[in-house]
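>>> What follows is a predicted structure for the sequence shown.
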Number of protein chains: 2
Amino acid sequence: MGTPLPRDPIADAQRNWERHGWGDVAAPMAAITAIMRTQQILLARIETVLKPFGLTFARYELLALLSFARSGALPMNKASALLQVHPTSVTNAVDRLERAALVSRSPHPTDGRTTLIELTPEGRSLAKKATAALNAEVFGQSGFGPDDVDHLIRVLGTFRRDAGDFAEE
Amino acid sequence: MGTPLPRDPIADAQRNWERHGWGDVAAPMAAITAIMRTQQILLARIETVLKPFGLTFARYELLALLSFARSGALPMNKASALLQVHPTSVTNAVDRLERAALVSRSPHPTDGRTTLIELTPEGRSLAKKATAALNAEVFGQSGFGPDDVDHLIRVLGTFRRDAGDFAEE
DNA sequence: TCCAAACCCTTGGATGTCCTAGTATATTGC
DNA sequence: GCAATATACTAGGACATCCAAGGGTTTGGA
């Protein structure tokens, strides 16, 4: 998006917060802002790697989820819950994946309200290739040291649990 | 988006990665996925707090940035660089803020290419109120302990620097 | 001096996310 | 058994982000 800034804009914001008498929340503000920005950077890296496969992160996540399901199929509402996104977002992703012949919709055998999403052979194959690419080019070069990774998993895991993402573990 | 899951979906994904022979990148994958999800949770909280003010996070960030500028005005490209978003995103935000009479556009005095964004009195007032609300309801109750906050700031700061966000500090 | 290259902003298009209905199917309670 | 409630998916709309392209302004080298 341009050349590097001379100084860290988030550190500047933190100083501004302190200067305006909000010193007690300046640090959490900076941490949260840093999370937002880090997510943006990581998402951009991921999308770059997935682009050659004709995938976006949202669609990749759905493919990956299906590829780990026993039968290679999941109800839409299940996918929505596991991916932690709104049902309409799943509908959107499935629409596009289905058009690309990577998944197919089929009616649930016993519940007429439910639609099953099923991985096609091409979908399974593409998911495998995309995962290999992401592992090699993003997750394998995250830039986080092993200790930092462990710390992030633990701290953010607690945060997510407290936020109601999942029950005690 | 629904009720809590019985188990942490990211921990499950990590186990799946390990089970498929990608144990060496399973942990970074989990950490990165956790960052994505945490960002989503935080963004939702922020948007909830800002909604009564008729603001989104993107627009709030621009208002806050302007409120800390000496003159209360910034060139669009400067705002784009500091907020680390694409110039078209700034155009979009300014369009809406201007329609709400919170900012105004004016030509740059010496550079005919540049447009200055200036905070209106209402914009400055709203920014102040919105900041107070965010400090009280989000940053002041982040759920991260002081040590975790420091650690996040440090680790993510290094990551952002390495990613080219800003030069050495 | 003058034209090409660089820079700035905007428009138009593609995606993703969420919310608010609306339709169809299940389940529950009387 | 039937009506009321709950659940599942989808359609339409509001926003945000990015990219590609276009038109205007500056800058810099021939």
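Cool, the structure landed. From a predicted model like this one, the values you see are computed outputs, not experimental measurements.

>>> wait, A:Thr115 sits on A:Arg105?
Yes - in this structure, A:Thr115 is within contact of A:Arg105 by Cβ atoms under 8 Å, at 5.3 Å. No exception for glycine: its C-beta is placed from N, CA and C like everyone else's.

>>> Would you mind listing what in chain A touches DNA strand C?
A:56, A:58-59, A:84-86, A:88-89, A:92-93, A:96, A:110-113 (Cβ under 7 Å from any atom of the strand).

>>> Show me chain A divided up by domain.
Domain assignment for chain A, taken from automatic domain parsing, gives A:7-50, A:54-137.

>>> Contacts (any at all) between chain B and the longest helix along chain A?
For chain A, the longest helix by residue count, based on DSSP state H, is helix A:23-50. Yes - for helix A:23-50, a contact with chain B is found by Cβ under 8 Å from any Cβ of the partner chain, at A:24-25, A:27-32, A:34-43.

>>> how far is that helix from where the chain is centred?
Offset of helix A:23-50 from its chain centre (Cα atoms, centre = their mean, to the nearest Å): 13 Å.

>>> Check which element follows that helix along the chain.
The first helix or strand that comes after helix A:23-50 along the chain, using DSSP states H and E, is helix A:57-68.

>>> Who has more neighbours out of A:Thr115 and A:Arg105?
A:Thr115 (17 against 14; other Cβ atoms under 10 Å in any protein chain shown).

>>> Spit out the contact partners of that one.
Contact analysis of A:Thr115 by Cβ atoms under 8 Å, 6 or more residues apart in numbering or on different chains lists A:75-76, A:105-108.

>>> Buried deepest among the domains of chain A, which one?
Highest mean neighbour count among those (mean count of other Cβ atoms under 10 Å in any protein chain shown): domain A:7-50, with a mean of 19.

>>> close to DNA strand D, is that one?
Yes - with Cβ under 7 Å from any atom of the strand as the criterion, DNA strand D is reached by domain A:7-50 at A:40, A:44.

>>> Ramachandran coordinates for whatever residue of chain A ends up closest to DNA strand C?
The minimum distance from chain A to DNA strand C, using Cβ to the nearest atom of the strand, falls at A:Gly112 (2.5 Å). The phi/psi pair for A:Gly112 (degrees, to the nearest 10) reads phi -70, psi -10.
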